[in-house]
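[1] Sharing a sequence plus its predicted fold:
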Amino acid sequence: MADEIVRQYVDSASTTGNVTMNVWRGDAGGGGFVEYELEAKEGEVVLDVIHRMQATQAPDLACRWNCKAGKCGSCSAEINGKPALMCMTRMETLPTGEPITVAPLKAFPIIRDLVTDVSYNYEVAKRIPSFNPRPKTTDELKAGGYRMAQIDVERSQEFRKCIECFLCQDVCHVIRDHEENKTTFAGPRFFARSAELEMHPLDVTDRRAILREEQGLGMCNITKCCTEVCPEHIKITDNAIIPLKERVVDASYDPVAWLGRKILRRTKASAAEAQATSLVSGPPAVQPDAAVRGIPTAVGE
Ligand code: SF4
Ligand code: SF4
Ligand code: FES
């Protein structure tokens, strides 16, 4: 059905001329760019041209897509070297008169053609302690729900716009150029997820130690490349990573906080308090599944 709608729309548009597309073809064993020359029509996006290519010249070309509306996050690729959604990249925004390259995401293992294995990201997601709201107050129990100030709600809401396209993960040099960092670096998408939870007005889990010790927040050197490619315009660096870094620094190096932790540790010696701690500590960190392709079991292995 979706294919039919696309075909009708594309057929009804006027032809603007031929384009040369250099599309990466191959699999985990190797591959290279293959040149295709085909027509492009007014108003088309790169995904339209890829679909025409599949319909006319390359029926076995593998690519992921679903919504064609910038919402499912599945058509991520590298277009002229830049990570972008194929369904949201208009042909007219690309330089005319020169070939357009379409390649799979470089940071993830190739499955076939434009399709990569992004399971690394789901393994990282498992390591983030989930939402852990505080108990309701007596007033809230009576009212039947939590009460939150709108300003507090909005702070974490920005990060809920994420469509998990993983373009930010792909562009981040910490993993793009260093496969070995995948076990120790969560990546921008998951810093945004941690920020969403850390800034949630109800959540009581403290994720700062995990961010510092297991998720490599300190390895981010704030280049802002992730923010630049985000199709949802989430200010990953300014609104997620930098505030998280500040929180981690406060928790780790602030002498007042250090003294506070010392005192707190002593007062938490009782069994009752130990039980209270378990309410806020969240599940233990899960290490990535070594069987997942592209994830070494430890740095240096
Ligand atoms: S700002 Fe940090 S997380 Fe974002 S791309 Fe740069 S190094 Fe990676
Ligand atoms: S934060 Fe933006 S770039 Fe990263 S996965 Fe989410 S939507 Fe994509
Ligand atoms: S097809 Fe859904 S984001 Fe492109």
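    Structure's in. What do you need? Ligands and ions are numbered 1, 2, ... in the order given.

[2] Where do the helices of the stretch 151-300 of the chain begin and end?
    Here the stretch 151-300 of the chain has its helices, by DSSP state H, counting those that start in this stretch, at 167-171, 173-176, 188-198, 208-213, 225-229, 242-253, 255-267, 271-281.

[3] for the third one, packing partners?
    Based on contacts counted as 3 or more Cβ pairs under 8 Å, 6 or more residues apart in numbering; DSSP states H and E, the elements that helix 188-198 packs against are helix 119-126, helix 150-157, helix 167-171, helix 208-213, helix 242-253. No exception for glycine: its C-beta is placed from N, CA and C like everyone else's.

[4] So which of those is the most surrounded?
    Comparing the helices and strands packed on helix 188-198 by mean neighbour count (mean count of other Cβ atoms under 10 Å), helix 167-171 comes out on top with a mean of 27.

[5] can you pull the contacts of the closest residue to residue 238 other than its chain neighbours?
    Spatial nearest neighbour of residue 238, excluding adjacent residues (Cβ to Cβ, 6 or more residues apart in numbering): residue 227 at 7.1 Å. By Cβ atoms under 8 Å, 6 or more residues apart in numbering, residue 227 lies in contact with 168, 234-238.

[6] how about 7 Å then?
    Neighbouring residues of residue 227 by Cβ atoms under 7 Å, 6 or more residues apart in numbering: 235-237.

[7] mind checking pLDDT for it?
    Model confidence at residue 227, given as pLDDT, is 98.

[8] distance of it from ligand 3?
    18 Å (Cβ to the nearest ligand atom, to the nearest Å).

[9] Ok, residue 189 next?
    Residue 189 is 15 Å from ligand 3, where distance means Cβ to the nearest ligand atom.

[10] Quick one: residues contacting that residue.
    Residue 189 touches 121, 162, 164, 166, 168-169, counting by Cβ under 7 Å, 6+ apart.

[11] one more time with 8 Å, if that's ok
    121, 162, 164, 166, 168-169, 226, 236.

[12] Of those, which is the nearest to ligand 3?
    For the contacts of residue 189, the residue nearest ligand 3 by Cβ to the nearest ligand atom is residue 164; the value is 9.9 Å.

[13] So which bits of the protein are right by ligand 3?
    Contacts of the chain with ligand 3, taken as Cβ under 6 Å from any ligand atom, map to 65-68, 70-75, 85, 87.

[14] got these as JSON lines, with secondary structure and pLDDT columns?
    As requested, the residues of the chain next to ligand 3 are exported to JSON lines (DSSP: H, G, I helix; E, B strand; the rest coil; pLDDT from 0 to 100):
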{"residue": "65", "secondary structure": "coil", "pLDDT": "98"}
{"residue": "66", "secondary structure": "coil", "pLDDT": "97"}
{"residue": "67", "secondary structure": "coil", "pLDDT": "98"}
{"residue": "68", "secondary structure": "coil", "pLDDT": "97"}
{"residue": "70", "secondary structure": "coil", "pLDDT": "98"}
{"residue": "71", "secondary structure": "coil", "pLDDT": "97"}
{"residue": "72", "secondary structure": "coil", "pLDDT": "98"}
{"residue": "73", "secondary structure": "coil", "pLDDT": "98"}
{"residue": "74", "secondary structure": "coil", "pLDDT": "98"}
{"residue": "75", "secondary structure": "coil", "pLDDT": "98"}
{"residue": "85", "secondary structure": "strand", "pLDDT": "98"}
{"residue": "87", "secondary structure": "helix", "pLDDT": "98"}
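
[15] Please parse the protein into its domains.
    2-115, 118-276 (automatic domain parsing).
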